[in-house]
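S.K.: sharing a model that was predicted from the sequence below.
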Amino acid sequence: QVQLVESGGGLVQAGGSLRLSCAASGGTFSSYSVGWFRQAPGKEREFVAAVAYLSDRTYYADSVKGRFTISRENAKNTVHLQMNSLKPEDTAVYYCAGKYRQASTTAQLQLSWYDYWGQGTQVTVSS
């Protein structure tokens, strides 16, 4: 069973950048569709970005499109989320999630579709 560990969170000023990483162990991460989600205090967890198994097609929430980039680093069994031009409203706990050997244009945007989750990493953007 794959285990996911996020890292790279922290405190950054508005306009700054962070790169989050999701490292997998116990499985080959290139065999998974991977999603990033976030949850702000008092709000529901929401979709941020995803990369599909096999095609590596990427998906983004409208709120992050053009600012965030999801990418694979297969040699390190890791998926990254590069976050640029950060805004205070990006403040949240960020989670990565994985689904083994499946891809779906619509389901990948749904948190219920994923089987494996990391513990989350906090991102705080100050104004």
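M.R.: All right, it came through fine. Numbers count the residues shown, from 1 in each chain.
S.K.: the strands in the protein, which residues?
M.R.: In the chain, the strands defined using DSSP state E lie at 3-7, 10-13, 18-25, 32-39, 46-51, 58-60, 68-73, 78-83, 92-100, 116-117, 121-126.
S.K.: I'd like to know which of these lies nearest to residue 109.
M.R.: Of all those, it is strand 46-51 that lies closest to residue 109, at 4.7 Å by Cβ to Cβ. (Each C-beta comes from the backbone N, C-alpha and C, glycine too.)
S.K.: how about the most centrally placed residue in the chain: which residues does it bridge to?
M.R.: Closest residue to the average C-alpha location of the chain: residue 36 at 2.2 Å, with Cα atoms, centre = their mean. Residue 36 has these beta-bridge partners by DSSP bridges: residue 49, residue 96.
S.K.: give me every residue that touches it.
M.R.: 20, 22, 48, 49, 50, 70, 81, 94, 95, 96, 97 (Cβ atoms under 8 Å, 6 or more residues apart in numbering).
S.K.: tally of neighbours for the first one?
M.R.: In other words, residue 20. Look at residue 20: counted by other Cβ atoms under 10 Å, it has 24 neighbours.
S.K.: how much space separates it from residue 95?
M.R.: Remark: distance between residue 20 and residue 95 (Cβ to Cβ, to the nearest Å) = 10 Å.
S.K.: out of the contacts of residue 36, who has the most neighbours?
M.R.: Ranked by the number of neighbours (other Cβ under 10 Å), those place residue 96 first, at 32 neighbours.
S.K.: leaving aside the residues next to it on the chain, what's closest to residue 118?
M.R.: residue 4 (3.8 Å; Cβ to Cβ, 6 or more residues apart in numbering).
S.K.: what residues are recorded as beta-bridge partners of that neighbour?
M.R.: residue 24.
S.K.: wait, it touches residue 20, no?
M.R.: No. In this structure, residue 4 is not within contact of residue 20 by Cβ atoms under 8 Å, at 11.8 Å.
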